[in-house]
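Colleague: Need a 3D model of the sequence below.
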Amino acid sequence: MVPAHVRILYLHQFFVTRDGTGGTRSYEFARHLVASGHEVTMVTAAAPGGARRGLTSEHEVDGIRVVEARGGYGDYVAATGMGYGRRLVAFGRFAGAATVAALRGPRPDVVFATSPPLTMALPGIAAARRWRAPLVFEVRDLWPEAPIQMGALRSPVARRAARALERAVYREATEVVALSPGMRDGVVATGVPPERVALIPNASDLDLFSPDVDPGDLRTRLELEDSFICAYFGTMGEANDLTQVVDAATQLQERGEHGVTFVLQGDGKRRPALERAVAERRLSNLVLLPAGDKQAAARLAAASDACMTLFKDVPILATNSPNKLFDTFAAGRPAIVNTDGWQRELVERNEAGVFVRPADAEHLADRVLFLRDNPDVTRRLGDNARALAEHEFDRKLLAERLRGVLERAAGKRT
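Modeller: Numbering: from 1, shown residues only. Have a look, this model is predicted:
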């Protein structure tokens, strides 16, 4: 039996609205759940200066009861900019604070915990047991395999502990949500029955990113009215191989190709190194913009001719389901991807962009020139990208899919 009104305890360390910087998946989904008649309590990390007078503070956002807990970083970019050791300590500290907040009530009908970090499994399991409620666990990255391959988890003891926590949360969860086919396969490989794993990828916000968005005077301010703009918006961290862009810009400048400009918008651990490289090489065809909110990213996409989704050449990163790719589709711009997996299959099968070999600057430079020199092809790829966003990745369609998962889980409790 599916209950008409479900009380959902939603646990996510990095809860961001459209006014913030970072992925807004939890906000958009929670907003949809509230509009569907359900009750959502979001436990997240306190913003800087938040929850000063106690462990938690509360406020409401679009009908969502937001409980901010001290002890962690609510800014994903700031968290990824920390050293691995400090980051793990911060994740553990927040897991403790979130556990206390989750156990205070009110009693939920279902607990929905989302990672990364994997430590969000701790408050998820604790709350599910305390309230005797079903647990739905969302896997946004394959932890602990992702930090292991990235070199973040080097200690054998830490790896064993992380794998034990992974197995524990999968055993406890009534259902698991995976964001890509690769993540789903990774979860199933641990022994979770396939029928308990729902595929709900990241989504396209069709009302925010669109070919019809007015970019304002962005091209004029950057003095790029006649340039082919290849954009990137998002985190500039270890996982994002933006050195490939710097090297491609260097090659184009050395070839005398002055009709292409790379525009990178965002912040993160690798940004200072990128700034130094641009200055040292005197690159006039690479512009670094400060991080902005989702509206700023939408304007940049609209002002661009193509948008990049790039990652470091690490196998586990090929399973990613990055927001920026689905934002690119919604914007109606060709997507340039460099992971040889699901992302490549999406853009090539649907003719919605092009694949470039990871860490291959020359290939990136050549493919960008191809797009510039073939405007009809570029336009067609962009049109196909928008159609793909509308037909397969509309945020409303995927939010409905999540609603079904949570209602089904809550019904099992009933």
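
Colleague: For the spatially closest residue to A291 that is not a sequence neighbour, give me the backbone phi and psi.
Modeller: Ranked by Cβ to Cβ, 6 or more residues apart in numbering and with sequence neighbours excluded, the top spatial neighbour of A291 is D267, at 4.1 Å. From N, CA and C alone the C-beta is placed, and that goes for glycine too. When read as degrees, to the nearest 10, the backbone of D267 gives phi -150, psi 170.

Colleague: dump the residue contacts of D267.
Modeller: Applying Cβ atoms under 8 Å, 6 or more residues apart in numbering to D267 gives the contacts 21, 77, 235-236, 290-291.

Colleague: Next up, the contacts around the nearest residue to D313 once chain neighbours are set aside.
Modeller: Spatial nearest neighbour of D313, excluding adjacent residues (Cβ to Cβ, 6+ apart): P358 at 3.9 Å. Each residue near P358 by Cβ under 8 Å, 6+ apart is listed here: 241, 244, 310-313, 338-340.

Colleague: just to revisit the earlier point, in the contacts of D267, find the pair that's most separated.
Modeller: Spatial extent of the contacts of D267 (Cβ to Cβ) is set by the pair T235 and P290 at 13.4 Å.

Colleague: What residues sit buried inside stretch 226-243?
Modeller: Within stretch 226-243, the residues that count as buried by 16 or more other Cβ atoms under 10 Å are 227-243.

Colleague: Name the SS class of the residue nearest to D313, please.
Modeller: Following DSSP: H, G, I helix; E, B strand; the rest coil, the label given to P358 is coil.

Colleague: Ok, A162 next?
Modeller: Quick answer, by three-state DSSP: A162 is helix.

Colleague: Correct me if wrong: it contacts L153.
Modeller: Yes - counting by Cβ atoms under 8 Å, L153 is a contact partner of A162 at 6.1 Å.

Colleague: Find residues that contact each of those two.
Modeller: In contact with both A162 and L153: 144, 147, using Cβ under 8 Å, 6+ apart.

Colleague: After the worst-scoring helix or strand of the chain on mean pLDDT, heading C-terminal, what element do we hit next?
Modeller: Taking mean pLDDT, DSSP states H and E as the measure, helix 76-80 is the helix or strand of the chain with the lowest mean score, a mean of 54. Per DSSP states H and E, the first helix or strand lying C-terminal to helix 76-80 is helix 84-102.

Colleague: So which bits of that next one are buried?
Modeller: Applying 16+ other Cβ under 10 Å to helix 84-102 flags 87-88, 90-91, 93-99, 101-102 as buried.

Colleague: just those residues now: which is nearest E68?
Modeller: If you rank those by distance to E68 using Cβ to Cβ, A101 comes first, at 8.6 Å.

Colleague: do you know how far the closest one is from A69?
Modeller: Noted for A101: a distance of 5 Å to A69, by Cβ to Cβ, to the nearest Å.

Colleague: show me what contacts the residue of the chain positioned farthest from its centre?
Modeller: Using Cα atoms, centre = their mean, the residue of the chain lying farthest from its centre is G256. It sits 35.9 Å away. Applying Cβ under 8 Å, 6+ apart to G256 gives no contacts.

Colleague: Which pLDDT does the model give G81?
Modeller: Listed pLDDT for G81 reads 54.

Colleague: Which residues belonging to stretch 257-269 are considered buried?
Modeller: So stretch 257-269, judged by 16+ other Cβ under 10 Å, has buried residues 257, 260-269.

Colleague: chain center to it: distance?
Modeller: Centre-to-centre, stretch 257-269 and its host chain are 20 Å apart (Cα atoms, centre = their mean, to the nearest Å).

Colleague: First-to-last residue distance for it?
Modeller: This stretch, stretch 257-269, spans 30 Å end to end (Cα to Cα, to the nearest Å).

Colleague: go on, stretch 20-38?
Modeller: 24 Å.

Colleague: how about the strands in the chain?
Modeller: 7-11, 39-45, 56-61, 64-69, 110-115, 135-139, 175-178, 197-199, 228-233, 260-265, 286-289, 306-309, 335-337, 353-355 (DSSP state E).

Colleague: Give me the common contacts of A101 and A69.
Modeller: In contact with both A101 and A69: 43, 55-56, using Cβ under 8 Å, 6+ apart.

Colleague: re earlier: roughly how far apart are the residue nearest to D313 and A146?
Modeller: On the measure of Cβ to Cβ, P358 and A146 end up 16 Å apart.

Colleague: again, but for D327
Modeller: Distance from D327 to A146, by Cβ to Cβ: 22 Å.

Colleague: what's the closest non-adjacent residue to P194?
Modeller: Per Cβ to Cβ, 6+ apart, closest to P194 is V188, 5.3 Å.

Colleague: That neighbour against V197, yeah?
Modeller: Yes - using Cβ under 8 Å, V188 is in contact with V197, at 6.0 Å.

Colleague: okay, these two: which has more neighbours?
Modeller: Taking other Cβ atoms under 10 Å, V188 and V197 do not tie; V197 has more neighbours (20 against 17).

Colleague: Could you verify my assumption that that one touches V176?
Modeller: Yes - using Cβ under 8 Å, V197 is in contact with V176, at 4.9 Å.

Colleague: any residues in contact with both of the two?
Modeller: V187.

Colleague: tell me the domain ranges of this structure?
Modeller: 7-203+394-413, 218-392 (automatic domain parsing).

Colleague: which one of those lies closest to D212?
Modeller: Nearest of those (Cβ to Cβ): domain 218-392, 8.0 Å.

Colleague: gap between the two ends of that closest one?
Modeller: 30 Å.

Colleague: same question for it, mean pLDDT?
Modeller: 96.

Colleague: separation between the residue nearest to A291 and R70?
Modeller: D267 is 23 Å from R70, by Cβ to Cβ.

Colleague: same question, G237
Modeller: When G237 is compared with R70 (using Cβ to Cβ), they lie 24 Å apart.

Colleague: likewise R171?
Modeller: R171 is 30 Å from R70, by Cβ to Cβ.

Colleague: And for G96?
Modeller: Taking Cβ to Cβ as the measure, G96 falls 10 Å from R70.
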